[in-house]
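Participant: Fold the following for me, if possible:
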Amino acid sequence: MSEPAVWHGAGVSVDAKRLLKVQGFSARRPARPRLERAAAEAADRAAGLAAPEASAVRRRIEHCAAGELRLAQGTVFTCPVFEEVLHGCDEALLFVLTLGPALETEIAERYAASEPLEAYFLDAAGWLLVEQATRQLRGHFSQSLSTCGRALTARLGPGYDYRDGATRTRWPLEQQHELFRAFGAVELPVRLLESSAMIPRLSRSGLFGILSDRRAEH
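Facilitator: Sure, this is the predicted structure:
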């Protein structure tokens with residue numbers, strides 16, 4: 001897959017109880033009925049508006065040492081955890097994923113209509129759907145790779161923190177630009193701003209290492 005591939009997710013959903021749980025509610029600290037209704041409505045509405053789509057491309061790893069990851073066609077990233085996470089990988093799968101603009105538009109409209117609670121729950125539901133869509137994307141490519149005895153590592157993404165021994169380190173968010181450039185002139189479902197933020201906001205980028213055996217993290 002030297003040329004970018006397009007992926008479309010299907011059937012993403014979020015459980016209202018899960019949505020309340022990430023907000024700190026539980027059996028010992030139950031949400032009020034109004035919050036339960038808002039969470040249920042947001043979960044249903046967010047799932048209906050989400051349209052997961054991603055572009056992905058495979059690139060050969062030419063060098064991975066001393067915190068530098070160099071891919072074929074000139075892409076270079078820097079983060080101290082690359083060598084550990086990508087050990088045993090000879091390729092990387094780069095991706096850009098989004099839920100599309102509809103849910104984000106709905107959130108903005110709810111805020112504009114002075115409905116902050118509804119907007120807040122929609123936004124929280126959106127990020128849970130981004131997580132689910134990312135798992136679906138990984139599952140899709142894992143399945144295709146498994147037929148030739150290959151597997152994917154855990155995801156790495158610009159702007160995220162990772163444990164590096166006794167400390168934590170970050171893959172610089174600014175390297176989002178280098179990741180997007182790796183797709184060449186292909187039109188992506190996400191637009192990258194100069195600030196390294198993505199539009200639509202409910203989007204995610206990153207990479208998986210491609211292992212030549214089954215030692216990937218699940």
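Participant: how about residue 204, what does it touch?
Facilitator: Residues in contact with residue 204, defined by C-beta atoms under 8 Å, 6 or more residues apart in numbering, are 96-98, 130, 134, 157, 198. Any C-beta I mention is one placed from the backbone N, CA and C, and that applies to glycine too.
Participant: strands paired with the strand or helix carrying it, and their directions?
Facilitator: Here residue 204 sits within strand 203-211, counting by DSSP states H and E. The strands beside strand 203-211 in its sheet (DSSP bridges) come out as strand 89-98 (antiparallel), strand 151-156 (antiparallel).
Participant: from those strands, which stretch is densest packed?
Facilitator: When those are scored by mean count of other C-beta atoms under 10 Å, the highest mean neighbour count falls to strand 89-98 (a mean of 23).
Participant: From the chain's centroid, how far away is that strand?
Facilitator: Its chain's average C-alpha position is 11 Å from that of strand 89-98, according to C-alpha atoms, centre = their mean, to the nearest Å.
Participant: Export the strands paired with strand 203-211 as CSV, with columns for mean pLDDT and distance to residue 186.
Facilitator: Written out in CSV, the entries for the strands paired with strand 203-211 read as follows (pLDDT from 0 to 100; distance: least, C-beta to C-beta, whole Å):
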stretch, mean pLDDT, distance to residue 186
strand 89-98, 97, 10
strand 151-156, 96, 21
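Participant: How about residue 18: what's its closest non-neighbour residue?
Facilitator: Nearest-residue entry for residue 18: residue 128, 6.6 Å, with adjacent residues in sequence omitted and distances by C-beta to C-beta, 6 or more residues apart in numbering.
Participant: Can you check my assumption that that neighbour lies in a helix?
Facilitator: Yes: following the definition DSSP: H, G, I helix; E, B strand; the rest coil, residue 128 is counted among the residues of a helix.
Participant: low pLDDT regions in this protein?
Facilitator: Along the chain, the parts satisfying pLDDT under 70 run over 1-2, 213-218.
Participant: That one: strands as residue ranges?
Facilitator: Listed in chain order, the strands found in the chain under DSSP state E are 5-8, 53-65, 68-71, 76-78, 89-98, 151-156, 161-164, 167-170, 191-192, 198-199, 203-211.
Participant: okay if I get those as CSV plus distance to residue 122?
Facilitator: What follows is the strands of the chain, written out as CSV (distance: least, C-beta to C-beta, whole Å):
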stretch, distance to residue 122
strand 5-8, 22
strand 53-65, 19
strand 68-71, 36
strand 76-78, 33
strand 89-98, 16
strand 151-156, 24
strand 161-164, 26
strand 167-170, 28
strand 191-192, 21
strand 198-199, 17
strand 203-211, 16
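Participant: Residue 31: which of those strands is closest?
Facilitator: Ranking those by proximity to residue 31 (C-beta to C-beta) places strand 203-211 first, at 27.6 Å.
Participant: got the CA positions of that closest one in CSV?
Facilitator: Output for strand 203-211, consisting of C-alpha atoms alone and laid out as CSV, is shown next (Å, rounded to 0.1, in the frame of the first residue of the first chain):
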residue,chain,number,x,y,z
SER,A,203,-10.1,13.8,14.3
ARG,A,204,-6.9,11.9,15.1
SER,A,205,-3.6,11.2,13.4
GLY,A,206,-0.8,8.8,14.1
LEU,A,207,1.0,5.7,13.1
PHE,A,208,1.2,2.0,13.9
GLY,A,209,4.4,-0.1,13.5
ILE,A,210,4.0,-3.1,11.3
LEU,A,211,5.7,-6.2,12.8
